[in-house]
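Peer 1: make a model of this:
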Amino acid sequence: MTLGWAVVAIVVLMALVAVTRLIRRLVLGFAVAAAALLMLHYQHDPAAAGTALAALGGGVALAGPLRGLILRAFL
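Peer 2: So this is what the prediction gives:
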């Protein structure tokens, strides 16, 4: 899996997170675990780990506003 596919997967997952509460909780738990693993990976490859950590953090940070936009658009 290339870094581009990882970013696309994060964007799609964050769009789903905006819709359901259960997926939101699961993704938050996954994000915490993934961030811990990326911090360990940072010792070996700082560029890849930093990019993935930034995409993960950006996706989690934008989940709230994205949820508001989706709910206003469809309700």
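
Peer 1: pLDDT score assigned to Arg25?
Peer 2: pLDDT, Arg25: 82.

Peer 1: what about it, distance to Leu37?
Peer 2: Here the distance between Arg25 and Leu37 works out to 19 Å (CB to CB, to the nearest Å). (Each C-beta comes from the backbone N, C-alpha and C, glycine too.)

Peer 1: ok, now Gly4?
Peer 2: 20 Å.

Peer 1: check Val8 too.
Peer 2: 20 Å.

Peer 1: ok, now Leu22?
Peer 2: 23 Å.

Peer 1: those two: who's more crowded?
Peer 2: Higher neighbour count among Leu22 and Leu37: Leu37, with 13 against 8, using other CB atoms under 10 Å.

Peer 1: the lowest-mean-pLDDT helix or strand in the chain - contacts with which helices or strands?
Peer 2: Ranked by mean pLDDT, DSSP states H and E, the weakest helix or strand in the chain is helix 3-17, scoring a mean of 76. Counting contacts by 3 or more CB pairs under 8 Å, 6 or more residues apart in numbering; DSSP states H and E, helix 3-17 packs against helix 21-41, helix 46-74.

Peer 1: and the shortest one, how far from the chain's centre?
Peer 2: In other words, helix 21-41. 8 Å (CA atoms, centre = their mean, to the nearest Å).

Peer 1: list the contacts of it.
Peer 2: 13-14, 16-18, 48-49, 52-53, 56-57, 59-60, 63 (CB atoms under 8 Å, 6 or more residues apart in numbering).

Peer 1: rerun at 7 Å
Peer 2: Leu13, Leu16, Val17, Ala49, Ala52, Leu53, Leu56, Val60, Ala63 (CB atoms under 7 Å, 6 or more residues apart in numbering).

Peer 1: relative to helix 46-74, how tilted is it?
Peer 2: Counting by axes from the mean of the first three to the mean of the last three CA atoms, to 10 degrees, helix 21-41 points 170 degrees away from the direction of helix 46-74.
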